[in-house]
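*Asks:* My questions concern the predicted model and sequence given below.
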Amino acid sequence: MADIDIKDIIKEENLIYTKPKVITDTVMHYCPGCSHGVAHKLVAEVIDDMDIQDKTIGISPVGCSVLAYNYLDIDWQQAAHGRAPALATAAKRLMPNHYVFTYQGDGDLASIGAAEILHACNRGENITVIFINNAIYGMTGGQMAPTTLVGMKTATSPYGRSTELNGYPLKITELIAQLPGVAYVTRQSVHTPAAVRKTKKAIRKGFENQDKKIGTSFIEIVSTCSSGWKLSPVKSNEWMEEHMFKFYPLGDLKDSEKESEESYKKYIE
Ligand SMILES: Cc1ncc(C[n+]2csc(CCOP(=O)(O)OP(=O)(O)O)c2C)c(N)n1
Ligand code: SF4
Ligand SMILES: [Mg+2]
């Protein structure tokens, strides 16, 4: 067999995978098994594929993904806890030709920022929202979030979430889907290659909807928090499939590209 030099193999035309251009070389701080890293990569791939690196503005939250601005080489604003939709509103209105997205955890979006997200979506702001629902406050040590499942143990519900004491988990995505200003609502995950592909498609659609000016796009990613859940990465995925997907089923909740007027009519009837 003829000798093959490594340089003959490592060639542009033989490349089957490469890191998205938009992802920086900074080492991510996320725990092993955390969904944030995969979600970041998908946002970066969409920005690469659409060739919009120089006209994308991300609004990062407070939470484990507060440092998202270190990992994606685009313009960023960092919002106070829960206030990303308000900041995104301002950025998009001032720079309507830019693609503006928020990236928010469930504590950020569904708890302290519940008012901001509902009003921004109800106004139909022309932005994309990426909602990382891991059912816990990951960054601050695993406290209960509005999205924590009934019976789920967290630092502040050590015996499991009790409906009597803590009420029911909030399906904020279902609430948002009812708002006439919202064009597209979907719930996805990133636990398998197939799920990753679907989520990427959803994020791309969310970004492309900004060109169509049809209202807010809202993409929930049901996610793992291996550290907060105190499970290994593999067990976290299994636990998510078994418990999270039952309460937060995957799929599209709304795709009203053609139905915006119709949905408003139904709303006022
Ligand atoms: C105004 C304000 N209130 C509370 C906090 C404390 N805090 C920081 S992150 C966080 C929760 C983060 O949870 P989540 O948004 O679900 O993100 P995750 O870390 O799970 O990705 C809280 C309560 C804060 N930084 N600012
Ligand atoms: S604490 Fe949870 S959400 Fe935060 S980086 Fe670790 S696994 Fe991810
Ligand atoms: Mg969280």
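*Replies:* Done, it's in. Ligands and ions are numbered 1, 2, ... in the order given.

*Asks:* Pull out the buried residues from stretch 210-221.
*Replies:* 210, 214-221 (16 or more other Cβ atoms under 10 Å). From N, CA and C alone the C-beta is placed, and that goes for glycine too.

*Asks:* ok now it, how far from the chain's centre?
*Replies:* Distance of stretch 210-221 from the chain centroid (Cα atoms, centre = their mean, to the nearest Å) equals 12 Å.

*Asks:* Quickly find the element holding T147.
*Replies:* Using DSSP states H and E, T147 sits in no helix or strand.

*Asks:* got the residues of the stretch 151-269 of the chain near ligand 1?
*Replies:* By the rule Cβ under 6 Å from any ligand atom, the part of the stretch 151-269 of the chain lying against ligand 1 is C225.

*Asks:* check contacts around the closest residue to ligand 1 within the stretch 151-269 of the chain.
*Replies:* In the stretch 151-269 of the chain, no residue comes nearer to ligand 1 than C225, which is 5.8 Å away by Cβ to the nearest ligand atom. Contact analysis of C225 by Cβ atoms under 8 Å, 6 or more residues apart in numbering lists 31, 34-35, 64, 134-136, 138, 142, 236.

*Asks:* Skipping adjacent residues, who's closest to it in space?
*Replies:* N134 (3.9 Å; Cβ to Cβ, 6 or more residues apart in numbering).

*Asks:* Quickly note the distance from that neighbour to ligand 2.
*Replies:* From N134 across to ligand 2, the span is 6 Å (Cβ to the nearest ligand atom, to the nearest Å).

*Asks:* From M244, how far out is that residue?
*Replies:* 9 Å (Cβ to Cβ, to the nearest Å).

*Asks:* Secondary structure element holding the residue nearest to Q188 when sequence neighbours are not counted?
*Replies:* Take Q188 and drop its neighbours on the chain: the residue closest to it by Cβ to Cβ, 6+ apart is T199, 4.1 Å away. Using DSSP H and E, the element containing T199 is helix 193-212.

*Asks:* burial measure for the residue nearest to Q188, as a count.
*Replies:* For T199, the count of nearby residues is 28 (other Cβ atoms under 10 Å).

*Asks:* how close does it get to G167?
*Replies:* T199 is 29 Å from G167, by Cβ to Cβ.

*Asks:* Can you tell me which residues in the chain are near ligand 3?
*Replies:* 105-106, 134, 138 (Cβ under 5 Å from the ion).

*Asks:* just for the protein, where's the confidence low?
*Replies:* 1-2, 258-269 (pLDDT under 70).

*Asks:* which ones are touching whichever residue of the chain sits closest to ligand 3?
*Replies:* Residue of the chain nearest ligand 3, by Cβ to the ion: G105 (3.8 Å). G105 sits next to 61, 63-65, 132-134, 137-139 when contact means Cβ under 8 Å, 6+ apart.
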